[in-house]
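Participant: A predicted structure for the sequence below; I have some questions about it.
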Amino acid sequence: MKKKIQIAIDSPAASGAGTQAKLISKHYKLFYLDTGKSYRVLAKEYLKNKNKINIKKFKDKLSNLRIKDFSNKNLLSSEIGLAASYLAKDIRIREVVDRFQKKIVVNISKKYQGICLDGRDITYNIMPDADVKFFLTASIKVRALRRTKELRKNGFNVSINEVYKSIKNRDKSDYSRSVAPLKITKDAIKINTTNLTIRKTFLILKDKIDKKIIL
Ligand code: C5P
């Protein structure tokens, strides 16, 4: 059986990893999973239940989840993003989410050539043996601008200032937490997308992937 391709992308919030992961997945016929959405789904549940953490409920929520639930636009809000970042520090929650994501990695449908995941701990925890690993970054100003545009396009009435603050808070929390912090691994290719267009970034990633894998 031909080995499935694994592409892992880690990045701080709003660095363009999701956009690139989707483009890569389309190009190489890979299954795409936005891993942040698993935390966001639980964050929505957490806020709905008056900030209560119920591990059993969270487990059930993930096992009943369909991939199309990931595209729910409500999940994009800064409030849910911050709550997701808060929950992501909890080791019990990470265990539940890890199991959910690792199961997806080993059960990819035959119609895909492999899988592409983006998140915070993909390169060293969820897919430590990935064929190609990327760490995308961009200046916080550019990230705030991009996320503001995305949120406004999806109907959220937000100011760049509040988005900037929310991203800054999440950076702090994601880089400094004691469990599965955001970090760059030695084998990851670091790309700063601050001054790059979506197309240019994609071509850089594609070039690196083509050099590492033969389809
Ligand atoms: O990527 P996204 O902004 O949707 O992620 C929301 C939050 O979920 C992040 O700020 C981070 O705290 C958490 N997360 C994580 N590990 C991942 C993906 C997301 O801890 N693999």
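Facilitator: Sure, I can see it. Residues are numbered from 1 along each chain as shown.
Participant: okay, CA-based contacts and neighbour counts for the rest of this
Facilitator: Fine.
Participant: do you know how far Lys190 is from the ligand?
Facilitator: 17 Å (CA to the nearest ligand atom, to the nearest Å).
Participant: Check that residue and give its pLDDT.
Facilitator: Listed pLDDT for Lys190 reads 98.
Participant: Just checking: what are the partner strands of the one helix or strand it maps to?
Facilitator: Assigned by DSSP states H and E, Lys190 falls within strand 189-192. In the sheet, strand 189-192 lines up against strand 132-137 (parallel) (DSSP bridges).
Participant: how about the closest residue to Ser38 other than its chain neighbours, what does it touch?
Facilitator: Distance criterion CA to CA, 6 or more residues apart in numbering; nearest residue to Ser38, sequence neighbours excluded, is Val97 at 6.8 Å. With contact set as CA atoms under 8 Å, 6 or more residues apart in numbering, Val97 has these partners: Ser38, Tyr39, Leu62.
Participant: Could you measure from Val97 over to the ligand?
Facilitator: In terms of CA to the nearest ligand atom, Val97 sits 9 Å off from the ligand.
Participant: Does Ile104 fall in a helix, a strand, or a coil region?
Facilitator: Put simply, Ile104 is helix when judged by DSSP: H, G, I helix; E, B strand; the rest coil.
Participant: do the same with Tyr112
Facilitator: What three-state DSSP gives for Tyr112 is coil.
Participant: wait, doesn't it sit right on Lys29?
Facilitator: Yes: counting by CA atoms under 8 Å, Lys29 is a contact partner of Tyr112 at 5.6 Å.
Participant: Around the residue lying closest to Lys102 once chain neighbours are set aside, how many other residues sit close by?
Facilitator: Of all residues not flanking Lys102 in the chain, Ile126 sits nearest, at 6.1 Å (CA to CA, 6+ apart). For Ile126, the count of nearby residues is 20 (other CA atoms under 10 Å).
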